[in-house]
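Q: I'd like to go over a predicted model; first the sequence, then the structure.
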Amino acid sequence: MSEQNDPRVVVVTGGSRGLGAGIVREFLDDGSRVATCSRSATPAVEEWASEAPDRFLFVPADLADADDAKRFVDAVIERWGRIDVLVNNAGVARDGILGMMSDEDLDTVIDLNLKGTLYVTRLVSRRMLARRSGAIVNISSIVGISGYRGLTVYSATKAALDGLTRALARELGSRGITVNSIAPGYLRTEMSHGLDEDQLQQIVRRTPAGRLGEPADIARVVQFLVDPRNSYLTGQVIVVDGGLTS
Ligand code: NAP
């Protein structure tokens, strides 16, 4: 089979659960080869490995560590020789007002959300540049646009990802590579377990769609952004929040 007919190679960071797992599922369903990483495996990862052994790769890796990020990207290249799509999804939040935040929490959020994303994107974009094609999607957040009390550091990293998107789109655009952000609203994943029932109810009341987001709501937009037919769409932040910030 020629390379042109081979299924595309998709890298999704932090795909073991939550939104990342929804994105992995969507790409496996459309026949792509999918690589993901997280610090530990989950039952979903074990299932995909037995369901699609030729099209799924899991690498345990802590992306806050530049060496681990390299090990992950190297493993994908060793297995499939190229990367067509990168979805920077892995992220972490730490609640608390900035004035009370510990050094450790501050570093945890910045080291993964910002530095981890940069480590992986640096390596993958080099590969895409050499092949003159590719699509990158950064998962940011509406709080990077509107802010959220108690999530100052997290919001700062998410706004930084949108800046990364705009700058990198300019760097890579002439080489046929698109770079976009998706800014989700509040999703029903482990990350939103930090919000109490009152906060969740208030969010639902204020959301025109009348519900929290599901991973599949975002995964479908990821698919749209990385479709080669949408190669004129780059450098943008796409808000997918049920209308909450409209
Ligand atoms: P989640 O359920 O907590 O999942 C996070 C994923 O990232 C897991 O697979 C986790 O696995 C992995 N991860 C965490 N730390 C890692 C590290 N150091 N190295 C590698 N992987 C790591 O979160 P989620 O809600 O799905 O969030 C996914 C993305 O969407 C994040 O970027 C988040 O900021 C963004 N987002 C979420 C919401 C929301 O309401 N949930 C809203 C807007 C944006 P391990 O813990 O095993 O490493």
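A: Looks like it arrived, so ask away. Residues are numbered from 1 along each chain as shown.
Q: Contacts for the longest helix seen in the chain, please.
A: In the chain, assigned by DSSP state H, the helix with the most residues is helix 152-172. Residues from elsewhere that reach helix 152-172, judged by Cβ atoms under 8 Å, 6 or more residues apart in numbering: 88, 91, 93-94, 97-98, 101, 105-106, 109-110, 113-114, 117-118, 121, 125, 128-129, 134, 136, 138-141, 143-145, 147-148, 178-181, 183, 234-237. Every residue, glycine included, has its C-beta placed from N, CA and C.
Q: Of those residues, which ones also sit close to the ligand?
A: Filtering the contacts of helix 152-172 for proximity to the ligand (criterion: Cβ under 6 Å from any ligand atom) leaves 91, 139, 141.
Q: Out of those residues, which comes closest to the ligand?
A: The ligand lies nearest to G91 out of these, by Cβ to the nearest ligand atom, at 2.3 Å.
Q: Next one: the most centrally placed residue in the chain from P208, what distance?
A: Nearest residue to the geometric centre of the chain (Cα atoms, centre = their mean): N89, 1.8 Å. Using Cβ to Cβ, to the nearest Å, N89 is found at 25 Å from P208.
Q: repeat for S155
A: Taking Cβ to Cβ, one finds S155 at 22 Å from P208.
Q: neighbour-wise, which of these two wins?
A: More crowded of S155 and P208, by other Cβ atoms under 10 Å: S155, with 22 against 9.
Q: right, is the helix-or-strand element of the chain with minimal mean pLDDT up against the ligand?
A: Using mean pLDDT, DSSP states H and E, helix 197-206 stands out as the lowest-scoring helix or strand of the chain, at a mean of 93. No: using Cβ under 6 Å from any ligand atom, helix 197-206 never reaches the ligand; the gap is at least 9.3 Å.
Q: What lies in contact with that helix?
A: Residues external to helix 197-206 that are found in contact with it (Cβ under 8 Å, 6+ apart): 185-186, 192, 195, 210-212, 244.
Q: Of the ones next to the ligand among the contacts of helix 152-172, which is the most crowded?
A: Using other Cβ under 10 Å as the neighbour criterion, S141 leads those with 29 neighbours.
Q: What pLDDT is listed against that one?
A: On pLDDT, S141 comes in at 98.
Q: Once you drop chain neighbours, what's closest to it?
A: K158 (4.2 Å; Cβ to Cβ, 6 or more residues apart in numbering).
Q: Could you report the separation of that neighbour from S40?
A: For K158, the distance to S40 - Cβ to Cβ - is 24 Å.
Q: and what of E197?
A: E197 is 28 Å from S40, by Cβ to Cβ.
Q: returning to what we had before: K158 and S40 - which one has more neighbours?
A: Neighbour totals were compared for K158 and S40, and K158 leads with 27 against 9 (other Cβ under 10 Å).
Q: what angle do the strand ranked longest in the chain and helix 152-172 make?
A: Ranked by residue count and defined by DSSP state E, the top strand of the chain is strand 177-184. Computed with axes from the mean of the first three to the mean of the last three Cα atoms, to 10 degrees, the direction of strand 177-184 lies at 160 degrees from that of helix 152-172.
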